[in-house]
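*Asks:* My questions concern the predicted model and sequence given below.
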Amino acid sequence: MFLSGFLFLFILVLNLIMATFGYKMEKENYNPDPDLQKIHTNPEKFKNGIILALIEHGSVIALTILLFITFSSYNLALGMVWLIFRTGEGLIQFINEPNYWRLLNIARKYSNSKGPEKNSLSNLARTIFNKKDNRFKFAMICWSVGTLSFSIVLVTSGIVPEIIGWLGIVSSILVGSTTGMKLAKPNSKDYTAMGGLSAILFEIIIGILLIYYSII
């Protein structure tokens, strides 16, 4: 239980650090040109961001397995849903990274190119990121389904105060519905931040509570 709580918080911290290294999960109206310049200027920083992302994806899978071991006895069927979908989330994220790593080589060529070649490299980088963005959205759908099943267990089992489980249910529904809307209608108004903030709040609270309950 302690390790599960720790990993909830550790994953959130990793996401914050990754962002400072220039690692992007998703971004509306992505413009690759300034990013390619930044990558070329400091390729080690970009590499470190991807390495941290790989650790984050592995931590998601580790957390999933730990929670299944800890809580599946309360509801095995929901535990299996959690295990399948959140493992899928981590694996989808892993699939992104080899392609994202290609931006290092593209950035190097981009800095020395002109005219049509420069535009071609910029378009290639945009294509790579757009694919990453779409895959991330599918990963968030997996997060939503997995977290919904886990949150239902929290509500029905009495492991933590019921309101925390309900926060997880609301967060998972918000993330799933707003992300699904963006996948179905990419040009629609973006409400994903609302789900993202509620998800962060839920994971901070459940992480702290699991650590607390493991100590007392």
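*Replies:* It's in.
*Asks:* Could you use CA atoms for every contact and neighbour count after this?
*Replies:* OK.
*Asks:* quick one: least confident helix or strand in the chain?
*Replies:* helix 32-41 (a mean of 87; mean pLDDT, DSSP states H and E).
*Asks:* Now do the helix or strand that that helix is followed by and helix 32-41, the angle between them.
*Replies:* Next in sequence after helix 32-41, counting helices and strands by DSSP states H and E, comes helix 43-71. Put simply, helix 43-71 runs at 100 degrees to helix 32-41, going by axes from the mean of the first three to the mean of the last three CA atoms, to 10 degrees.
*Asks:* by contact count, what packs against the helix or strand following helix 43-71?
*Replies:* Next along the chain after helix 43-71, taking DSSP H and E as the criterion, comes helix 76-101. Packing partners of helix 76-101 (3 or more CA pairs under 8 Å, 6 or more residues apart in numbering; DSSP states H and E): helix 43-71, helix 115-157.
*Asks:* what's stretch 178-189 in contact with?
*Replies:* Identification of contacts with stretch 178-189 by CA atoms under 8 Å, 6 or more residues apart in numbering yields 134, 137, 140-141, 190-192, 195.
*Asks:* do that again at 10 Å, thanks
*Replies:* Residues outside stretch 178-189 that contact it (CA atoms under 10 Å, 6 or more residues apart in numbering): 28-29, 134, 136-141, 144, 173-175, 177, 190-196.
*Asks:* In that stretch, which residues are buried?
*Replies:* Buried residues in stretch 178-189, counting neighbours by 16 or more other CA atoms under 10 Å, are found at 178-182.
*Asks:* Mean pLDDT, distance to Ala19 and mean neighbour count added to the helices and strands packed on helix 76-101, as JSON lines?
*Replies:* Listed next are the helices and strands packed on helix 76-101 as JSON lines, based on pLDDT from 0 to 100; distance: least, CA to CA, whole Å; neighbours: other CA atoms under 10 Å:
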{"stretch": "helix 43-71", "mean pLDDT": "94", "distance to Ala19": "8", "mean neighbour count": "19"}
{"stretch": "helix 115-157", "mean pLDDT": "92", "distance to Ala19": "15", "mean neighbour count": "20"}
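*Asks:* Make CSV from the buried residues of stretch 178-189 and add distance to Leu3 to it.
*Replies:* Compiled in CSV, those are given as follows (distance: CA to CA, whole Å):
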residue, distance to Leu3
Thr178, 30
Thr179, 29
Gly180, 31
Met181, 34
Lys182, 34
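*Asks:* can you redo these as a markdown table with pLDDT and distance to Phe68?
*Replies:* Converted to a markdown table, the buried residues of stretch 178-189 look like this (pLDDT from 0 to 100; distance: CA to CA, whole Å):
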| residue | pLDDT | distance to Phe68 |
| --- | --- | --- |
| Thr178 | 91 | 27 |
| Thr179 | 91 | 25 |
| Gly180 | 90 | 26 |
| Met181 | 88 | 29 |
| Lys182 | 84 | 30 |
